[in-house]
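Student: I'll drop the sequence and a predicted model, then ask my questions.
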Amino acid sequence: MNTWAPSQLSLQDILQTIHESTDTQNSEVQRTITHKLNSFTKSPDYVAYLAYILASMPQEEDRIRTIAGYLLKNNARSILRATSEIVAFTKAAVLQAFNDPATMIRNAAGQDIVAFLGILEPKNWPECLSQLVQTLDSTNLDQQEAAFNVLEKACEDYPRKLDVEMNGTWPLEFMIPKFLILSEHPSSKMRSHAIACLSYFVPIGSQALFTHIDAFIACLFKRASDDDPSVRRHVCQALVLLLASRPEKLMPEMANVAEYMLYSTKDKHENVALEACEFWLTFAEDPDLAPYLHPLLAKVAPVLLDCMVYGEDDLLWLEGDLEDADVPDKETDIKPRHYGGSKGHGLEHDANGDDSGNKQPRIGAYGEELESDDDEGFDEDDDDFAEEMSTEWNLRKCAAAALDVLAVRFGADLLNVLLEPLRAKLWSEDWLQRESGILALGAMAEGCIDAIEAHLPQLIPYLVNMLSDSKPLVRSITCWSLGRYASWCTQPISEEHRNQFFIPTLEGLLRMVLDNNKRVQEAGCSAFATLEEDAGTELAPYLEPVLRNLVFAFDKYQHKNMLILYDAVGTLADAVGSALQNPAYVEILMPPLLKRWSKLKDDDEDLVPLLECLASVTIAMGPAFLPYAGPIFERCASIVHQSLLQYQAYQQNPEMDEPDRSFLVVALDLLSGLTQGLGVALEASIMRSNPNLLSLLVVCLKHPHAPVRQSAYALIGDMAMNCFPLLRPHMPAIMQELIAQLAPEPKVEFISACNNAAWSVGEVALRYGRDDAEFRQWVHPLISRLVPILLHPKAPRSLHENAAVSIGRIGLMHPSLIAPLLPDFAQAWCQALYEIRDNEEKDSAFRGLCTLVQTNPSGIAKSLLWFCNAIVRWNQPSPELNAMFQQLLSGFKQHDAAGWAAQVSTFPAAIQERLSQRYGV
């Protein structure tokens, strides 16, 4: 018996608001309605009122009741804080509405059931699950399909919640055999639902399904030739899921499965072909399956190549032939971009270490960049392959992604299979065939580069020539493909290589940057940014024409491409560095940037990428940027101040929308850029700032959002390096926050902030100088945080490295305080830094360690092998450091020649050899 009943007053209020919400013309009315609907959510029985309107008010229009049903789904989570009476009423009402004669009401109720069953969990609403399963036996096909539709969504969204014991039984033990029987149902919709439901239990390793795995596979083979494309699609999907989680079940039948999947990849229904194509992508991504896939390469690769041709539907929405450079963008064309938190301090590794300096991002199955195993997560700036693959996933993109993975897996073997079909496409008269060949060429770039390299002297001129094709879609894919080969084009091999490949590619892409088609502009600008990164300072001799082209684009580009242009300018500055200090270049670049800067308000989202761009430009231009620095500094300081005030207001009133932190983060990053570029020349600006910038900076260190703290610590490190006298008076307040930030096992989202804090403290220590009395008070609090980070087995590698560098630097300045602790951390310290590439940071850290060893020689005794290994891994230590190494090693040998010889004889031969060659010990 349900005891809850609605109050007529509240019911009318909610009903009236729903009626008013149907007036979609008036935006002011909509805002008021949204606010009012949000206010209802505070009432604990709001869900019950919505359920009542949906189920028990047949006098209302179906449309009004349906809106109530959708509002109920959107507010479903609030049932968790409702009373038992409200929960009981809502559940009963939703089940009642699911049997309503009107289709609209049943559909809305079905969505509500999926939501509530997921939130409450099926074990807490078994009568619902029972009713749905029983309805599958109904004689009414509409009811059967409606119940199966709900079950399919539930199986897809939360299969694990269904694979549980309820009241002493496992419902799946009954449901799985029922689904297998229903896969033979006369209705294609029912067959499709049955196969889909079964397949969703494959990835979770459901025992109830795997008990019937042979029957399931037999059912898939039986349905493989089903007349209905939706059934065939789900068969393909199930085979993909089986390949990913139980490949051994498919291997005995792989010859038949492969033939079927090849046939399905060519299915005229794209949804079927796409699911089948996923099979090859999944197959290629599993290295353990490579021996089974290799023999199929000659059949699979040409089929994938054919799948990459644009279909008629693609061409309809692409509007590829337009000269649309003057057509303003729709705001819906512009995807949200993530900014900020980019200044993470890390150290580069030697190529013979685990990380190579130019590590390629990993591209996932859907063209997205995957997180690497590094600590920093992944960079939000997607790799160019991901960019090309980033819009709606389709057969063409799936085939290109599969080809990319096959290229990485099989390299030259793939190229040998595709050489002739690829050549036929590249030189085809049909532009659609040509375009798909160019896409394939780009997709294979990473994996097949060694095999393709011999053909690049013919292929690069071909691609440069294709930039003149009359079809914009050919020009845009050519830009992308050239970007994938940019690293080869930019190699400084010879003058001839530069003239034949680098300069034509550079000129061709610059031409595309100014194309009259927006898609080509975008591809040209993105590919040019890739070329900039790969070319680095090789671009310096061509800076004037490059800058003039990019500056011209500022007047030509619409909104969306302008954001990519900012990135290209910033990347150029990073690439050429101080070459940008030439007054002529400053004069070309700064006026258009300042024109954009003055047009944008402080709360305009476009200011964010412009600030990021300017941060790179200020570092590159250095002192040449000084004439522009004053107003830019003042605006950044103002943005920091306003952002902190907005956040403070939000903290005091959480009802407000949370302010966007991107503005604060990039303003801090641009201030870092100004600091690196101008150093103490910023003194006047900092002294004038009101409130004082450094006081604001201390507040930023307490900000709850890690990206803000990350950028704030980066600014502290940069100020320590470039204008320490301005920072020093504020160090007591800064150090208090900094010490608290250092943690051995930070949450993933805090790693970069922690890294920057660990790095910045070493920079600060160096600037205070030897045995400074003020810094002395912080030595023990810092070391008591940094050493546990270094010794913690689960601390991220980058944090180990930054902690080790800072311990070394603090040791260099305060050896007498830290030397007694040397035995505690010496081995871990050497292990953290021996693979780091030679640089000044590493040099000062090692000078610190050597100073500690000089102060406490016995402290290194137990770690001598690791210490010697770290020494011989240096390629070119500075003369000062090399002399310290020589002095220490000779001292050890002189102190106890026999003991030294005995210990060194146990070292690996390579270490013994280098010690002897370099240091005569």
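Tutor: Here it is on my side, so go on. Residues are numbered from 1 along each chain as shown.

Student: Quick one: the strands in the stretch 601-750 of the chain, in order.
Tutor: With DSSP state E, counting those that start in this stretch applied, the stretch 601-750 of the chain shows no strands anywhere along its length.

Student: now the chain
Tutor: The residue ranges that make up strands in the chain, judged by DSSP state E, are empty, as it has none.

Student: Kindly report the domain assignment for it.
Tutor: Following the TED database, one gets these domains for the chain: 250-319+389-453, 463-599.

Student: Quick one: end-to-end length of the shortest one, please.
Tutor: Think domain 250-319+389-453. 37 Å (C-alpha to C-alpha, to the nearest Å).

Student: repeat for stretch 895-909
Tutor: Between where stretch 895-909 begins and where it ends, there is a gap of 23 Å, by C-alpha to C-alpha.

Student: For that stretch, buried residues please.
Tutor: Judged by neighbour count (16 or more other C-beta atoms under 10 Å), stretch 895-909 contains these buried residues: W900, V904, F907. Backbone N, C-alpha and C define where each C-beta goes, glycine included.

Student: Return the closest of the residues you listed with respect to L782.
Tutor: Closest approach to L782 among the buried residues of stretch 895-909 (C-beta to C-beta): F907, at 33.1 Å.

Student: For E737, which non-adjacent residue is spatially closest?
Tutor: With C-beta to C-beta, 6 or more residues apart in numbering as the measure, L701 is the residue that lies nearest to E737, at 3.9 Å, once sequence neighbours are left out.

Student: same thing with W597?
Tutor: Excluding its sequence neighbours, the residue lying closest to W597 (C-beta to C-beta, 6+ apart) is L610, at 6.3 Å.

Student: From N140, how far out is that neighbour?
Tutor: 61 Å (C-beta to C-beta, to the nearest Å).

Student: So the two - more neighbours on which side?
Tutor: Of the pair L610 and N140, L610 is the one with more neighbours under other C-beta atoms under 10 Å, namely 22 against 9.

Student: The more buried one against L593, yeah?
Tutor: Yes: between L610 and L593 there is a contact at 7.4 Å, judged by C-beta atoms under 8 Å.

Student: quick revisit: comparing the domains of the chain, which gets the lowest mean pLDDT score?
Tutor: Lowest mean pLDDT of these: domain 250-319+389-453, a mean of 91.

Student: Now do it: distance to the chain's middle.
Tutor: Domain 250-319+389-453 has its average C-alpha position 25 Å from the chain's average C-alpha position, going by C-alpha atoms, centre = their mean, to the nearest Å.

Student: Tell me which helix or strand in this protein has the weakest average pLDDT.
Tutor: Among the helical and strand segments of the chain, the one scoring lowest on mean pLDDT, DSSP states H and E is helix 384-388, with a mean of 44.

Student: can you tell me which of the domains of the chain comes nearest to T618?
Tutor: The closest approach between T618 and any of these, judged by C-beta to C-beta, belongs to domain 463-599 at 8.4 Å.

Student: pull the longest helix from the protein.
Tutor: Counting by DSSP state H, the longest helix found in the chain is helix 626-652.

Student: so which of the buried residues of stretch 895-909 comes closest to I493?
Tutor: Sorting these by distance to I493 puts F907 at the head of the list, at 39.8 Å, by C-beta to C-beta.

Student: Please list all residues in contact with that closest one.
Tutor: Taking C-beta atoms under 8 Å, 6 or more residues apart in numbering as the definition of contact, the neighbours of F907 are L865, C868, N869, L915.

Student: how many other residues sit next to the second one?
Tutor: The burial metric for C868, expressed as a neighbour count using other C-beta under 10 Å, is 25.

Student: please begin residue numbering at 16 from this point
Tutor: All right, first residue 16 from here; so that's C883.

Student: Turn the buried residues of stretch 910-924 into JSON lines, including distance to I701.
Tutor: Below are the buried residues of stretch 910-924 laid out as JSON lines (distance: C-beta to C-beta, whole Å):
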{"residue": "W915", "distance to I701": "54"}
{"residue": "V919", "distance to I701": "54"}
{"residue": "F922", "distance to I701": "52"}
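
Student: Looking at those residues, which is nearest W295?
Tutor: Proximity of the buried residues of stretch 910-924 to W295 (C-beta to C-beta) peaks at F922, which lies at 49.7 Å.

Student: Quick check: phi and psi on the closest one?
Tutor: phi -70, psi 160 (degrees, to the nearest 10).
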